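> sequence and computational prediction follow.
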Amino acid sequence: MWQAGRTICYFDPMTSAASLRRTPLYETHQKHGGRLVDFHGWELPVQYEGILKEHQAVRAALGLFDVSHMGQIWVRGAQALAFLQKTNTNDISRIGPGQAIYSHLPNERGGVVDDLIISCFARDRYFLVVNAATCENDFAWLQKQAQGFAVQIENRSDYYGMIAIQGPKALEVVGLDFPQVPKLPRFGAVELDVLGAPGIVTRTGYTGEEGCEFIVPAEHTPRVWERLMTKGRPFGAAPCGLGCRDTLRLEAGYLLYGSDIDMDHSSFEAGYGWVVRLDKGDFIGKPALVRQKAEGWQRRLLGVRLLERGVPRPGHRVRAGGEPLGTLTSATFSPTLAAGIGMGYLDRPDLRPGTKVAVEMHGRQAPAEVARMPFYLSKEIKNAKA
Amino acid sequence: MPKPENCRFTKTHEWVCLEGAIAVVGLTDHAQREITDIVFVEPPKLGRQVKAGEACCVIESVKAAFDVYAPVCGEVTAVNDAAAKDPAVVNRSPHEDGWLFKLKPAIPGELNRLMDWGAYQEFLKTAEAHAGH
């Protein structure tokens, strides 16, 4: 079955385990039956008991994710803010100590070097969480841009482990040991003692649910994981793999760097114009983004929902009236909607939700429609936004 | 429905069992456990003539698509609509309610060239059984 021409495997089989990087939770995953795969050079669990079960645990109760592969970069110094303003599309002056913000690092052409979350702990002390695969490149890029700024940039990715705890019951569980965390607002950030080690907790996530992320010294990470699991188990906590991380984030309409955004697509084209603050002063790529905003764009990242059974995949083509419109950059089966969903750059930025299209899959044209994103938003987050 | 002991097996993890003159085909328990979370089954068309080893049915999990191959040559005489409607039945009951399709074998005795239960159990211990996933 697995040698089939049509077999699609998004997670590479583990052929060269020796060269793979391991997170501080590697033994924990092994001990608890995580199915380990090669994820962009990292040996991480794609699932424990099953993607559907873990997905549902996060939507109904809570789940724990090892996201230690993600990168952590400190930016410190008298000109830290000025430097971040220059290297980010979002207005970093909008956050003060104890607050975090989602942003894009633009290149000169208005493309995206990475997407990231920046926490402020003091006006001269900012903490960046970036994607795993792009971390080295981000660090080199930031260092290059830092010339002339009074800043120190430090890549501390190897020093930290990171755990995301997500779901409607996540904050209740976290509050048992860390009563200050549930009191944080969404996108709040705090430095605190985590079971005896200096850590950071942010009210952020990648699932569309409430929750937070723990960033602690690497060697300390297994203890934090075990404690959160022990406290969470009576509430229905599940250890989760990358498989459901992807289905959850896609339902929530979150971007996956390298698939949905990259150096060649702008934040506007991705539908993330809200992270581009053209009114904040100069920044890298601003002239290109100003031009693009004035002229408009020829393609836009749009959501697509299948109208019959089937599972769309990245790379499947989208058509309307026989005309090719674009290709899906992310797509999967949505466990919450029990339908195929995806997103992709379509050559018709004007298409409204409900417009009928077709997804070309396995040689057939599966009926689909343009869908509003996010595909799913939790009650808690919907209320918080209202 | 067929006990594993009464089935024959392919290296691509299909089971096949004779029910009178008709061969019933499904996925082995080992395969469903590897695939996990089956969310889509596209059975072959009724009346289709298939050759042994020909991809004729698609199974999709949340993460990946898999081909199912005809274990023997023949004509598709029935497909399991219940599995198409509720694909998780292939995970729950791979050897019984989760059967996939039925064939009228074209070559008498072809089925006997496949592995029996004991041979398949041995095959699962080899690296070849796990290649590519």
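Received the coordinates, thanks. Numbers count the residues shown, from 1 in each chain, chains lettered A, B, ... in the order given.
> and the helices in chain A?
All helices of chain A, identified by DSSP state H, fall at A:26-31, A:51-60, A:80-87, A:135-145, A:170-177, A:221-232, A:242-251, A:286-295, A:379-385.
> quick one: closest of the ones you listed to A:Gly303.
helix A:242-251 (9.3 Å; C-beta to C-beta). Where you see a C-beta, it was placed from the backbone N, CA and C, and this is true even at glycine.
> list the contacts for residue 120?
Went with chain A since none was named. Shown in contact with A:Cys120 (C-beta atoms under 8 Å, 6 or more residues apart in numbering or on different chains): A:92, A:95-100, A:126-127, A:189.
> you looked at the wrong chain, it should be chain B
B:9, B:28.
> residues contacting residue 88?
The chain I'm using is chain A. Going by C-beta under 8 Å, 6+ apart, A:Asn88 touches A:103-106, A:118, A:283.
> actually chain B
B:37-39.
> can you select the buried ones among the contacts of A:Cys120 for me in PyMOL?
Here is the PyMOL command that selects the buried residues among those (16 or more other C-beta atoms under 10 Å in any protein chain shown):
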select buried, chain A and resi 92+95+98+99+100+126+127+189
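> can you give me the helices for chain B?
Under DSSP H, chain B gives helices at B:29-35, B:81-85, B:89-92, B:117-123.
> for these, which one sits closest to A:Asp264?
The nearest among the helices of chain B, by C-beta to C-beta, is helix B:29-35 at 34.5 Å.
> chain center to that closest one, what's the gap?
11 Å (C-alpha atoms, centre = their mean, to the nearest Å).
> then stretch A:72-88?
Computed by C-alpha atoms, centre = their mean, the separation of stretch A:72-88 from the middle of its chain amounts to 21 Å.
> grab the nearest non-local neighbour of A:Arg94.
In this structure, A:Arg94 finds its nearest non-sequential neighbour in A:Ile101, 6.5 Å apart by C-beta to C-beta, 6 or more residues apart in numbering or on different chains.
> what's the burial count for the one you found?
22 (other C-beta atoms under 10 Å in any protein chain shown).
> can you check A:Leu242 too?
A:Leu242: 23 neighbours (other C-beta under 10 Å).
> how about A:Ala358?
The burial count for A:Ala358: 21, using other C-beta under 10 Å.
> then the one 5 residues further on?
Residues near A:Gly363, counting by other C-beta under 10 Å, number 6.
> with A:Trp274 instead?
Based on other C-beta under 10 Å, the number of other residues close to A:Trp274 is 10.
> centroid-nearest residue for chain A?
Against the mean C-alpha coordinate of chain A, by C-alpha atoms, centre = their mean, the closest residue is A:Tyr206 at 4.9 Å.
> neighbours of the residue nearest to that residue when sequence neighbours are not counted, how many?
Nearest residue to A:Tyr206 in three dimensions, chain neighbours excluded: A:Arg249, at 4.8 Å (C-beta to C-beta, 6+ apart). Counted by other C-beta under 10 Å, the residues lying close to A:Arg249 total 19.
> so A:Arg249 versus A:Asp91, what's the distance?
25 Å (C-beta to C-beta, to the nearest Å).
> for the closest residue to A:Gly161 other than its chain neighbours, the count of nearby residues, please.
Of all residues beyond its chain neighbours, the one nearest A:Gly161 is A:Thr221 (2.9 Å), with distances taken as C-beta to C-beta, 6+ apart. For A:Thr221, the neighbour count with other C-beta under 10 Å is 25.
> again with A:Pro353
A:Pro353 has 12 nearby residues by other C-beta under 10 Å.
> so it sits against A:Phe375, correct?
No - taking C-beta atoms under 8 Å as the definition, A:Pro353 is not a contact partner of A:Phe375, at 10.9 Å.
> overlap in contacts, the two.
Jointly contacting A:Pro353 and A:Phe375 under the rule C-beta under 8 Å, 6+ apart are A:Gly303.
> below-threshold pLDDT in chain B: ranges please.
B:1, B:131-133 (pLDDT under 70).
> what segments of it are strands?
Secondary structure of chain B, counting by DSSP state E: strands at B:8-9, B:14-19, B:22-27, B:38-42, B:49-50, B:55-61, B:65-69, B:74-79, B:101-105.
> give me the buried positions along the fourth one.
The neighbour-count check on strand B:38-42 (16+ other C-beta under 10 Å) flags B:38-42 as buried.
> now do the contacts for A:Gly196.
Here A:Gly196 is in contact with A:His220 (criterion: C-beta under 8 Å, 6+ apart).
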